[in-house]
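In: from the sequence below, what's the structure:
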Amino acid sequence: MECVLGIDIGSSSVKLGAFALDGHPICIATRDYVTEEPRAGWREQDAEVWWESVAQCAREIQAQIDAREILGIGCTGHLSSHTFVDQEGRPLRPSLGFQDQRALRETEELASLMSREALAAELEIDLPPAPSWPLPRLMWFRNHEPATLEKASYLVQAKDFVNFRLTGDFASDASSNRGLVNFSTGREPEELLRRLGLPVRLLPSLYAPHAVIGRISKAAEQATGLPKGLPVVTGWNDLNASVLGSGTIKEGDLFDVTGSSEHVGMVTSKPLRLPELTYAPFLKGKNLFYGVISSGGASLGWYCQTFGITLEEAAELAVSVAPGAESLFFLPYLNGERSPVWDARAAGAFVGIRSHHRQGHFVRAVLEGVAFDLFQILELVESEHGPVAGPIVISGGAAQMELWNEIKANVWRRSCHIVQTTQTGSLGAAMLAAVGVGAYQDCEAAARGMARVAKGPTVVPEISARYRQAYGHFRNLYPSLREHFAQTFTESVEPDEPERPSTPQKNSMLR
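Out: Reported below is the predicted structural model:
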């Protein structure tokens, strides 16, 4: 059976899937890895571990399929997985993850130097301020690790690093480098970078996400077993690839992409703008209008790891508790927060603990807290776009958790559809490969031919009414605690602060 491969370099694991040209998953292999935390607020990974995990998954896949039937390979990866490499592609230091907050002061410095509107004009995209964007991070290296900038030949994303190891060629796409690319010119804003004292040429050549940028090299063949000469496409960031893989490509389609972080939003051609949300290029003539929370699946993963229970045990505990968790609330700001508050100093919190609360209440409060937090974003999306009547398509590992889907449907007051292949990042990457090798004319055709969704939970009026009241209480939590968070936040980015023992973070339960 002819197939295409899709590689997803996630923040907690690699997923590699072989998909038939109708989207049917033939087999999927995964490898978990940890995120190191050398200092509070820092998150780092070893790029070589990404590659080793891909090579292991590739050999596992080939034990189940005939490698001669593979037509091409696509790769996706988590945004803000910034990796400095030399001319030979060797990493100069550990990669920074999207949850890394070391550039908080530089984020504030950038905001003091130029307004958000001025920065949007330089980049042709409006991005809410966050320490995970490339400019603040480059400024941090300018201030604290200038030798890294001096030695770096390229700044690449996780998928780009893997593509280099597959082909020997450096390449990327514009959307995956938002914040460091002017979307009109398709290159770095050189004048702005010079004003900030930053290198002006760190990105590799940029191509369309479905363009063939190279072929499997001899070295990659030896490492992975994949046939030499197999075409490899540019790939896309995990959000774009997952939205494509879920088949949400039409005007007004709503999506919920679960994972360690979690994105919710819509596909639209309307020129929408809100300061709390992001409006980013997607398919031709269409953009994604969305928000992202920093700790979606990561919140449940943290709870399970910290208190020593499995995902299955967590679900059993939560289902025994009534909606509303008996007025126990969870604020899922474990790693600061992006949408809708954009506050890197925010922290997680359980609020309303009483003596009768048991573990099931805490688990259910985590699930509901994430759903409430995401609903704030959905309300903002519809406030700018206008009401949307259709269902929301849930994808990613957490889409397998029936209780969480039911909670979301009732909190969000709309029915949900569930993708049949939850690993839509890998599927979206495989779709790009299918387009690149000519199996489909374009991405829209690939989505129509390869994505499959099924009806999921619908709204239960009495439960939704209970959540409506609880949501009002949830919305008051952050404003009430914001000043406390600001006062108690521990600055962890001082260059002379000694490193502390690393704390590996594993959030692979919802991969």
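
In: the helix or strand hosting Val370 packs against which elements?
Out: If you go by DSSP states H and E, Val370 is part of helix 359-385. Packing partners of helix 359-385 (3 or more Cβ pairs under 8 Å, 6 or more residues apart in numbering; DSSP states H and E): strand 254-257, strand 262-268, strand 287-293, helix 297-307, helix 311-319, strand 329-331, helix 402-412, helix 461-488. Where you see a C-beta, it was placed from the backbone N, CA and C, and this is true even at glycine.

In: quick one: low-confidence ranges for the stretch 251-400 of the chain?
Out: Applying pLDDT under 70 to the stretch 251-400 of the chain flags no residue at all.

In: tell me which of the helices and strands packed on helix 359-385 sits nearest to Ile392.
Out: Closest of the helices and strands packed on helix 359-385 to Ile392 is strand 254-257, at 4.0 Å (criterion: Cβ to Cβ).

In: that closest one: partners in the sheet, and parallel or antiparallel?
Out: Strand 254-257 has the following strand partners under DSSP bridges: strand 262-268 (antiparallel), strand 392-395 (parallel).

In: now the strands for the stretch 1-150 of the chain?
Out: Secondary structure of the stretch 1-150 of the chain, counting by DSSP state E, counting those that start in this stretch: strands at 3-9, 13-20, 25-32, 44-45, 70-77, 83-85, 95-96.

In: which SS class is Arg414?
Out: Following DSSP: H, G, I helix; E, B strand; the rest coil, Arg414 is assigned to coil.

In: then stretch 221-232 to PDB, C-alphas only?
Out: The C-alpha coordinates for stretch 221-232 follow below in PDB (Å, rounded to 0.1, in the frame of the first residue of the first chain):
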ATOM      1  CA  GLU A 221      19.600   6.100   5.300                       C
ATOM      2  CA  GLN A 222      22.200   4.500   7.600                       C
ATOM      3  CA  ALA A 223      20.700   6.100  10.700                       C
ATOM      4  CA  THR A 224      17.000   5.500   9.900                       C
ATOM      5  CA  GLY A 225      16.800   2.700   7.400                       C
ATOM      6  CA  LEU A 226      14.700   4.900   5.100                       C
ATOM      7  CA  PRO A 227      15.500   4.600   1.400                       C
ATOM      8  CA  LYS A 228      18.100   7.000   0.100                       C
ATOM      9  CA  GLY A 229      16.600   9.500  -2.300                       C
ATOM     10  CA  LEU A 230      13.100   9.600  -0.700                       C
ATOM     11  CA  PRO A 231      11.700  13.200  -1.000                       C
ATOM     12  CA  VAL A 232      11.300  15.300   2.100                       C
END
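
In: residues of it that come out buried?
Out: By neighbour count on 16 or more other Cβ atoms under 10 Å, the buried set for stretch 221-232 is 223-226, 230-232.

In: among those, which are in strands?
Out: Counting by DSSP state E, the part of the buried residues of stretch 221-232 found in strands is 231-232.

In: make a markdown table out of the buried residues of stretch 221-232 and add distance to Arg466.
Out: Shown next, in a markdown table, are the buried residues of stretch 221-232 (distance: Cβ to Cβ, whole Å):
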| residue | distance to Arg466 |
| --- | --- |
| Ala223 | 54 |
| Thr224 | 51 |
| Gly225 | 54 |
| Leu226 | 52 |
| Leu230 | 53 |
| Pro231 | 53 |
| Val232 | 50 |
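
In: low pLDDT regions in the protein?
Out: 490-511.

In: spatially central residue for it, please.
Out: What sits nearest the mean C-alpha location of the chain, by Cα atoms, centre = their mean, is His78, with 4.8 Å.

In: for it, what are phi and psi?
Out: phi -70, psi 140 (degrees, to the nearest 10).

In: repeat that for Leu274.
Out: Dihedral angles (degrees, to the nearest 10) for Leu274: phi -140, psi 140.

In: contacting residues for it?
Out: Counting by Cβ atoms under 8 Å, 6 or more residues apart in numbering, Leu274 touches 380, 383-384.

In: which one of these is nearest to Asp8?
Out: Checking the contacts of Leu274 against Asp8 with Cβ to Cβ, the nearest one is Leu380 at 27.7 Å.

In: verify the stated contact: the closest one with Gly291.
Out: Yes: here Leu380 reaches Gly291: they are 6.8 Å apart, a contact under Cβ atoms under 8 Å.

In: between those two, which one's more packed in?
Out: Taking other Cβ atoms under 10 Å, Leu380 and Gly291 do not tie; Gly291 has more neighbours (24 against 21).

In: how near is that one to Ser383?
Out: 12 Å (Cβ to Cβ, to the nearest Å).

In: and what of Arg452?
Out: As defined by Cβ to Cβ, Arg452 lies at a distance of 31 Å from Ser383.

In: before we move on, what about Leu274?
Out: If you measure Leu274 against Ser383 using Cβ to Cβ, the figure is 8 Å.

In: try Gly438
Out: The spacing between Gly438 and Ser383, counted by Cβ to Cβ, is 42 Å.

In: then Ala55?
Out: 47 Å.

In: those two: who's more crowded?
Out: Taking other Cβ under 10 Å, Ala55 and Ser383 do not tie; Ala55 has more neighbours (22 against 11).

In: and Val459, how far from Asp373?
Out: Using Cβ to Cβ, Val459 is found at 19 Å from Asp373.

In: so between the two, which is more surrounded?
Out: Asp373 (30 against 17).

In: contacts only, for that one.
Out: With Cβ under 8 Å, 6+ apart, Asp373 has these contacts: 293, 331-332, 337, 474.

In: quick one: which of these is nearest Val393?
Out: Checking these against Val393 by Cβ to Cβ gives Ile293 as the nearest, at 17.6 Å.

In: please name the bridge partners of the closest one.
Out: Beta-bridge partners for Ile293, by DSSP bridges, are Glu262.

In: and the gap between the residue nearest to Gly168 when sequence neighbours are not counted and Glu69?
Out: Excluding its sequence neighbours, the residue lying closest to Gly168 (Cβ to Cβ, 6 or more residues apart in numbering) is Ser217, at 4.7 Å. Applying Cβ to Cβ, the value for Ser217 to Glu69 is 21 Å.

In: out of the strands paired with strand 254-257, which is closest to Pro281?
Out: Comparing the strands paired with strand 254-257 by Cβ to Cβ, strand 262-268 comes nearest, at 11.5 Å.

In: and the angle from the closest one to helix 402-412?
Out: For strand 262-268 and helix 402-412, the angle between their directions (axes from the mean of the first three to the mean of the last three Cα atoms, to 10 degrees) works out to 50 degrees.

In: export strand 262-268 to CSV, keeping only CA atoms.
Out: C-alpha atoms of strand 262-268 as CSV (Å, rounded to 0.1, in the frame of the first residue of the first chain):
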residue,chain,number,x,y,z
GLU,A,262,-3.6,24.0,23.7
HIS,A,263,-4.8,26.1,20.8
VAL,A,264,-8.4,27.1,20.0
GLY,A,265,-9.6,29.3,17.2
MET,A,266,-11.0,29.4,13.8
VAL,A,267,-10.1,29.4,10.1
THR,A,268,-11.1,32.7,8.4
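
In: one step back: more neighbours, Ser217 and Glu69?
Out: The neighbour comparison of Ser217 against Glu69 (other Cβ under 10 Å) goes to Ser217, with 20 against 13.

In: rewinding a little: and Leu192, which of the strands of the stretch 1-150 of the chain is closest to it?
Out: Closest of the strands of the stretch 1-150 of the chain to Leu192 is strand 83-85, at 19.8 Å (criterion: Cβ to Cβ).
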